[in-house]
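In: dropping a prediction and its sequence here:
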Amino acid sequence: MTNPLFYAKILLFGEYGIIEDSQGLTLPYSFYKGTLKFSDLESDFEEKSNESLLKYSEYLKDLQLPKTFQLDISKFKKDIKKGLFFDSNIPQGYGVGSSGALVAAIFEKYSLKSYGPEQVSKDELKNLRTIFGQMESYFHGKSSGIDPLICYMNLPILIESKDSVEKVSVPASHEGKGAIFLIDSGMTGETGPMVQIFFEKMKTEGFRKTMKEEFIRYNNACIDAFLKKEMTPLFRNLKSLSVWAYEHFKPMIPESIYNAWKKGLDTNAYYLKLCGSGGGGYILGFTKDYQKAEKMLEGFHKEVIYRF
């Protein structure tokens, strides 16, 4: 029996904001995926993956999970001995949820009770998010549980607040001039240090104030406009969000992207924002005219994820 595929995720809106109770909107991204497989572990990649699963199984063994969310750790350990590894093309340190997909895959295979994405209630969603947060904390300190939740559900998720997440329908992508795209910064970003920088900034009253009064306002307005497919308010708030990030999230913007970010703001041809915690990996771009934006961003590797 082949195991299901778990796709990468993209946090379209809400980076850092969701730590401070803003809304967030995430989409599955099927270009990258991972699945649990067995092999003779002949390649370096497979052997390393198998070794890291063994270490992870020790962490999971000591995790106190509620009765309805318990995992069959002894079966997991037996499978690791048989050559289990996580076969994935999801890049690490790119903000697209590599550890989230792994957590989702393990939960799906070894959870004693199954939770089908279609049948999951809002309360169960909330509980799953908590469980996934505990499981993912092994990889980079405190986890919100959102990444594994998206990967597990394989559906767009609206994060309404710290305590509330729900399945949401996103307007269908259709061929138009406009696009949402990813730009490869050419370097990986470590989530931990970037989040540390954010918490340091949050210690100053001025930053806390602008975060709450400006960033969260623009961010939530973008989500609202995107879900209603209202492009004028979407781009108006996107520009404000991009200007705000350029001023306040400087350390999180990869150096290679810095000038391109500014060029977008100066010309209004496209707007860039962080995808995940930043520092490297992917940056998100939004434009009403992808052909024009693509020409201006020559030299960068780009992937279109949504058209309008």
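Out: Structure received. It should be emphasised that the depicted structure is a prediction, and the values quoted were computed from it without experimental measurement.
In: what about Pro254, how many neighbours?
Out: Residue crowding around Pro254 was assessed by other CB atoms under 10 Å; the count is 22. All C-beta spots, glycine's among them, are computed from the backbone N, C-alpha and C.
In: now do Ile90
Out: Here the count is done by other CB under 10 Å, and Ile90 has 23 residues near it.
In: isn't it up against Ala8?
Out: Yes - proximity of Ile90 to Ala8 meets the contact threshold set by CB atoms under 8 Å, at 4.8 Å.
In: who touches both of those two?
Out: Common neighbours of Ile90 and Ala8 are listed as 32-33, 96-98, 101 (criterion: CB atoms under 8 Å, 6 or more residues apart in numbering).
In: tell me where the chain has strands.
Out: Taking DSSP state E as the criterion, the chain carries its strands at 6-13, 24-38, 84-88, 157-161, 164-167, 179-184, 271-274, 282-287, 302-307.
In: just curious, which of the shared contacts of Ile90 and Ala8 is nearest to Lys203?
Out: When those are compared for distance to Lys203 (CB to CB), Gly97 wins out at 28.3 Å.
In: flag the shaky bits of this structure, pLDDT-wise.
Out: Segments of the chain classed as low confidence (criterion: pLDDT under 70) are 1.
In: walk me through the domains of it.
Out: Domains of the chain are assigned by automatic domain parsing as 6-167, 179-307.
In: would you reformat the strands of the chain as a markdown table and include distance to Val243 and mean neighbour count?
Out: As requested, these are arranged in a markdown table below (distance: least, CB to CB, whole Å; neighbours: other CB atoms under 10 Å):
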| stretch | distance to Val243 | mean neighbour count |
| --- | --- | --- |
| strand 6-13 | 16 | 26 |
| strand 24-38 | 20 | 19 |
| strand 84-88 | 36 | 22 |
| strand 157-161 | 23 | 19 |
| strand 164-167 | 29 | 16 |
| strand 179-184 | 18 | 22 |
| strand 271-274 | 9 | 25 |
| strand 282-287 | 13 | 26 |
| strand 302-307 | 22 | 16 |
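In: and those strands as a markdown table, adding distance to Asp44?
Out: Supplementary listing: the strands of the chain in a markdown table, determined by distance: least, CB to CB, whole Å:
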| stretch | distance to Asp44 |
| --- | --- |
| strand 6-13 | 22 |
| strand 24-38 | 16 |
| strand 84-88 | 11 |
| strand 157-161 | 35 |
| strand 164-167 | 37 |
| strand 179-184 | 24 |
| strand 271-274 | 32 |
| strand 282-287 | 25 |
| strand 302-307 | 27 |
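In: out of those strands, flag the one nearest Asn219.
Out: Set against Asn219 and scored by CB to CB, these come closest in strand 6-13, at 5.4 Å.
In: sheet-wise, list the partners of that closest one with their directions.
Out: In the sheet containing strand 6-13, its partner strands are strand 24-38 (antiparallel), by DSSP bridges.
In: got a list of what Lys122 touches?
Out: Shown here is Lys122, whose contacts under the criterion CB under 8 Å, 6+ apart are 164, 166.
In: against Glu166, how distant is it?
Out: In this view, Lys122 and Glu166 are 6 Å apart by CB to CB, to the nearest Å.
In: what about the closest residue to Phe207 other than its chain neighbours, distance to Pro4?
Out: Closest residue to Phe207 in three dimensions, ignoring its sequence neighbours and counting by CB to CB, 6 or more residues apart in numbering: Lys201, at 4.6 Å. Noted for Lys201: a distance of 39 Å to Pro4, by CB to CB.
In: okay, those two: which has more neighbours?
Out: Neighbour tally, Lys201 and Pro4, criterion other CB under 10 Å: the higher count belongs to Lys201, 17 against 13.
In: hmm, Thr210 and that one touching each other?
Out: No - taking contact to mean CB under 8 Å, the distance of 10.0 Å between Lys201 and Thr210 leaves them out of contact.
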